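Visitor: here's a sequence, model it:
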Amino acid sequence: MNTKKHYENHLGHFYTWMLGDWKTKQTEFLEFLKSKSLAAKGKEVAIDLGAGNGIQSIALSKLNYEVIAVDFNQQLLSELEKNAKEQKQPIQIVDADILSVSQFQSKRPSLLICCGDTLTHLSSKEEIKEFLKSCYECLKPEGKLLLSFRDYSIPLEGNSRFIPVMSDNSKIHTCILEYEENRIRVTDQLYEKKKDVWEMSIGSYFKTRLRKEECLHYLEELGFQIEWTEMFQRMITILAKK
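Guide: Numbering: from 1, shown residues only. Modelled structure (predicted):
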């Protein structure tokens, strides 16, 4: 199953629950942006690629960006719209694949972000390269690209491939990883209690096994300057400048 179908048929229905407390996550990201001096300086456009339910988009809006939120999952976009209204943040919501980033070039964005491991949802390293190239072309001069993705450089083996993600009295979510050379098969296993009976649903998709060094190399080849790299929320996080 491809990523879009996996979210439509399975993961999108419990993704927000899986993440934990939404407001806490949103506040953490907001404070992270502040700590990196990434607030808007005047009238600036930021585009959140793979916006999900709005954790990053709403933080950007609170930092005075004109925000365009892009995602291909209608369930999560509906949640984003609801969250934005509750937070009283004006966000333009676009139902599209992140590969369509070039359509926003006329907006002259000063900041593009692709966070939460969305980058590895692309089907191959070649597709990642093309996406990063489109980001470079879309950004205004001296614009910035913020990326985050999980470190898959060391394969998990045996029982360590089974990762308990989230559980409560009615749901248990386990993620199972199977490593290949350049990709990972990700299986999301959900047990849900319905009328005192536990029912299992399961779905799988592939992520591209991107290494930090590879990503930095792709960015530098395109002409980006790497401003910094660090770990944030257990993910490799990179800020690159055009």
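Visitor: now the residue nearest to Lys62 when sequence neighbours are not counted: which helix or strand?
Guide: Setting aside the residues directly before and after it, Lys62 is nearest to Leu30 in space (C-beta to C-beta, 6 or more residues apart in numbering), at 5.9 Å. In this view, the C-beta of every residue, glycine as well, is placed from N, C-alpha and C. Assigning secondary structure by DSSP states H and E places Leu30 in helix 22-35.
Visitor: same for that helix, what does it pack against?
Guide: Packing contacts for helix 22-35, counted by 3 or more C-beta pairs under 8 Å, 6 or more residues apart in numbering; DSSP states H and E, involve helix 55-62.
Visitor: how far away from the center of its chain is the helix it packs on?
Guide: The chain centre lies 13 Å from the centre of helix 55-62; the measure is C-alpha atoms, centre = their mean, to the nearest Å.
Visitor: okay, whatever helix or strand comes next after it in PDB with CA atoms only?
Guide: Downstream of helix 55-62, the first helix or strand assigned by DSSP H and E is strand 66-71. What follows is strand 66-71 as a C-alpha-only set of coordinates in PDB (Å, rounded to 0.1, in the frame of the first residue of the first chain):
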ATOM      1  CA  GLU A  66       1.100  33.900   6.400                       C
ATOM      2  CA  VAL A  67       0.700  30.100   6.400                       C
ATOM      3  CA  ILE A  68      -0.200  27.700   3.600                       C
ATOM      4  CA  ALA A  69      -0.700  24.200   5.000                       C
ATOM      5  CA  VAL A  70      -0.400  21.300   2.400                       C
ATOM      6  CA  ASP A  71      -1.400  17.700   3.000                       C
END
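Visitor: 41 is where my numbering starts, stick with that
Guide: Sure, I'll start counting at 41 from here, so that last one is strand 106-111.
Visitor: and strand 106-111 with helix 95-102, angle?
Guide: When axes from the mean of the first three to the mean of the last three C-alpha atoms, to 10 degrees is applied, the directions of strand 106-111 and helix 95-102 differ by 170 degrees.
Visitor: show residues contacting strand 106-111.
Guide: The contact list for strand 106-111 (C-beta atoms under 8 Å, 6 or more residues apart in numbering) reads 83-92, 94, 97, 100-101, 117, 120, 129-136, 138, 140-141, 144, 147, 149.
Visitor: so how do I select the buried members of these in PyMOL?
Guide: The buried residues among those can be selected in PyMOL (16 or more other C-beta atoms under 10 Å) with this line:
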select buried, resi 84+85+86+87+88+89+90+91+92+94+97+100+101+117+120+129+131+133+134+138+141+144+149
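Visitor: which ones among the contacts of strand 106-111 are found in strands?
Guide: Taking DSSP state E as the definition of strands, those contribute Val85, Ala86, Ile87, Asp88, Leu89, Ile131, Gln132, Ile133, Val134, Asp135.
Visitor: so which of these is the closest to Tyr105?
Guide: Closest approach between these and Tyr105, by C-beta to C-beta: Ala86, at 3.8 Å.
Visitor: pLDDT averaged over stretch 99-110 - what is it?
Guide: Mean pLDDT, stretch 99-110: 97.
Visitor: domains in this structure, by residue range?
Guide: Domain assignment for the chain, taken from automatic domain parsing, gives 43-192+249-281, 198-247.
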